[in-house]
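Novice: kindly return the folded structure for what I paste below:
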Amino acid sequence: MDRRQQKTQQAIMEAFYALMQKKSYSKITVQDILDQANVGRSTFYEHFKTKEELLHLICTDIFSHVFCPELEPETYHNFSNTNDFKHIVIHLFYHFYEDKDKLKGVLQSESKEIFIKDLNKHLNELVYDYVFKTYKCTKFPEDLLVNHLITTLTELTLWWLSRDCKESPEKISCYYFDLIIPVLTA
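Specialist: The predicted structure follows:
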């Protein structure tokens, strides 16, 4: 994608974020997005088939750097040289903190379910890629353990965002590990 296309796509995404601060997801039309982004209908459809695809891209954009750190360097926190679950979770919380205003719009409407589904998909990969390399928990069935780890992280994230991220990413990460380590070491 060339720079002009990237700028257009970014303008559409920013317009969508702005609209989600004002309206519920179901009430936002493609025309609203076009007006807010100041782009034509054909331009929108060059980038996105539907409003739902735009929401999925927004979710992927939030997660992409955490789950693919080689994409771009960090400006004020750098976890690119760490490859363990604990640092990846802290990194994820940093990105949630950075995007908390955008996420509020996503989480305050029915788009919340789409976001959570995308988050859980990424977290599932994360758990399988990192947790089972470090921890060998045999007390519980693997699928139950994965569900517990993902659900705990998702619910903690929602709780933290609802409190306007009052705790630091490091502190919320400590909460998470305090909740899950007893299960992982059982």
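Novice: can you map out the helices along the protein?
Specialist: When assigned using DSSP state H, the helices of the chain occupy the ranges 3-22, 30-37, 41-47, 51-67, 85-98, 100-107, 111-126, 132-134, 142-162, 169-184.
Novice: could I get the ones you listed as a markdown table with mean neighbour count and mean pLDDT?
Specialist: Any C-beta I mention is one placed from the backbone N, CA and C, and that applies to glycine too. Output for the helices of the chain, formatted as a markdown table (neighbours: other Cβ atoms under 10 Å; pLDDT from 0 to 100):
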| stretch | mean neighbour count | mean pLDDT |
| --- | --- | --- |
| helix 3-22 | 16 | 88 |
| helix 30-37 | 16 | 94 |
| helix 41-47 | 14 | 92 |
| helix 51-67 | 18 | 76 |
| helix 85-98 | 20 | 87 |
| helix 100-107 | 18 | 78 |
| helix 111-126 | 17 | 84 |
| helix 132-134 | 12 | 77 |
| helix 142-162 | 16 | 92 |
| helix 169-184 | 16 | 93 |
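Novice: go ahead and measure how far stretch 121-131 is from the middle of the chain.
Specialist: In terms of Cα atoms, centre = their mean, to the nearest Å, the centre of stretch 121-131 is found 13 Å from the chain centre.
Novice: again but with stretch 35-52, I slipped
Specialist: The answer for stretch 35-52 is 22 Å, by Cα atoms, centre = their mean.
Novice: any idea how far Cys174 is from Ala186?
Specialist: In this view, Ala186 and Cys174 are 20 Å apart by Cβ to Cβ, to the nearest Å.
Novice: list the contacts of the nearest residue to Leu179 once chain neighbours are set aside.
Specialist: Counting by Cβ to Cβ, 6 or more residues apart in numbering, Leu179 lies nearest to Thr152, which is 5.5 Å off, once chain neighbours are set aside. Counting by Cβ atoms under 8 Å, 6 or more residues apart in numbering, Thr152 touches 176, 179-180.
Novice: gap between Leu123 and Ile116?
Specialist: Counting by Cβ to Cβ, the gap from Leu123 to Ile116 is 10 Å.
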